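**Q** only geometry, no sequence info:
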């Protein structure tokens, strides 16, 4: 047996074993590291612009720390605060529905109108609506409770993410170059894969999540201004609805407008109609091209399905991981087509 082959086989086996062990070591904080890497994609342009200043270039560690503080102050603290407000509103609404203190006068009026046109129709909208409301709120409270149950673990992972973000900003480009050097692929293919993943993160976070967040905040503000109950909770639901290609924000905004009209608040109803159509509904057409210099060039349906599948496989972070993996697949298919297309054509 060739001794050199034994050496190579032993080395590769040892390398694989060490890689697996290291993966297991990092696995508990994998999502925190992935989330930090995604935030780097969004905030690295800001970090690079700050480095153009002489003081920032002289102290890159301090510059990275400032960017992390900006992330903390601008994004994460407001999101956590809104999360707690949403839980508070959902809990209060749940208590009101369960205790039977909710007024269903609006539903009763709709039921009376239906009976006036169809006297023989046997329906009980008030009872059905109360039952469905209890079930929906019970589901919401249960899932929110699960999200906020492991507070200690979430806080620790949060700080791991901040530390990772700090070092990824400061040393991320060096790490990227090291990965390109280690990869057996041609450097141009490695760079193409990184570019595809970069565009995927930008497309999902800036083009989808950020736009949905802005639409939800605008909708929540409109609900607050025009007197729609539970504006924070409905605003949060609008964020989720904005992620769905069919229906979108209209699924939440239109029922809110109907509520205002049916309760006799015509001025507020017209105001919410204009607000919902021009601000909430049209803002994505204005924001998306501004936020995305380059698009991921994948069909929206494929992105949506990959996001749903990612959630089913990986949990909440799968919303971003799904499109990332899909982008990686298409990058590899492009490389395959470019590298092997001539051989495939010759063999036919």
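**A** Received, thanks. Because the structure is a prediction, the values reported are computed rather than measured.
**Q** got the domain boundaries for this structure?
**A** 26-182, 184-348 (automatic domain parsing).
**Q** so where do the strands sit in this structure?
**A** Using DSSP state E, the chain contains no strands.
**Q** okay, and for it, where does confidence drop off?
**A** 1, 86-87, 90-154, 245, 288-298, 300, 316, 341-348 (pLDDT under 70).
**Q** which of the domains of the chain sits most buried?
**A** domain 184-348 (a mean of 17; mean count of other CB atoms under 10 Å). To be clear about C-beta, it is placed using only N, CA and C from the backbone, and glycine gets the same treatment.
**Q** would you turn the domains of the chain into CSV with distance to residue 8?
**A** Output for the domains of the chain, formatted as CSV (distance: least, CB to CB, whole Å):
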stretch, distance to residue 8
domain 26-182, 17
domain 184-348, 14
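**Q** Quick one: closest of those to residue 12.
**A** domain 184-348 (12.7 Å; CB to CB).
**Q** For residue 80, see how far away the most centrally placed residue in the chain is.
**A** In the chain, the centroid-proximal residue (CA atoms, centre = their mean) is residue 209; its distance is 4.7 Å. Distance, residue 209 to residue 80, by CB to CB, to the nearest Å: 16 Å.
**Q** can you check residue 242 too?
**A** 20 Å.
**Q** So in the chain, which helix runs the longest?
**A** Using DSSP state H to define each element, the chain has its longest helix at helix 151-182.
**Q** Show me what that helix is packed up against.
**A** If contacts are counted by 3 or more CB pairs under 8 Å, 6 or more residues apart in numbering; DSSP states H and E, helix 151-182 sits against helix 30-50, helix 60-71, helix 187-201.
**Q** So which of the ones you listed is nearest residue 166?
**A** That would be, of the helices and strands packed on helix 151-182 and by CB to CB, helix 60-71, which comes in at 5.1 Å.
**Q** give me every residue that touches residue 303.
**A** 203, 204, 208, 296, 323, 326 (CB atoms under 8 Å, 6 or more residues apart in numbering).
**Q** now the angle from the longest helix of the chain to helix 60-71?
**A** Taking axes from the mean of the first three to the mean of the last three CA atoms, to 10 degrees, one finds helix 151-182 and helix 60-71 inclined to each other by 130 degrees.
**Q** please renumber so the chain begins at 522
**A** Okay, using 522 as the starting number, the last item reads as helix 672-703.
**Q** by how many degrees do helix 672-703 and helix 708-722 diverge?
**A** 150 degrees.
**Q** to the chain's geometric centre, what's the distance from stretch 569-587?
**A** Centroid separation for stretch 569-587 versus its chain: 29 Å, with CA atoms, centre = their mean, to the nearest Å.
**Q** end-to-end on that stretch?
**A** Length of stretch 569-587, first residue to last, CA to CA, to the nearest Å: 13 Å.
**Q** How about residues contacting it?
**A** Contacts for stretch 569-587 (CB under 8 Å, 6+ apart): 568, 588, 687, 688, 690, 691.
**Q** Tell me if I'm right that the first one and residue 687 touch.
**A** Right, the one you point to is residue 568. No. Contact criterion CB atoms under 8 Å: residue 568 and residue 687 do not qualify, at 10.5 Å.
**Q** before we move on, back to that, let me know the closest of the contacts of stretch 569-587 to residue 755.
**A** residue 588 (33.0 Å).
**Q** Might you report the residue contacts of that closest one?
**A** Shown in contact with residue 588 (CB under 8 Å, 6+ apart): 564, 567, 568, 571, 686, 690.
**Q** what's the closest non-adjacent residue to the last one?
**A** When the adjacent residues along the chain are set aside, residue 690 lies closest to residue 585, with 4.3 Å between them (CB to CB, 6 or more residues apart in numbering).
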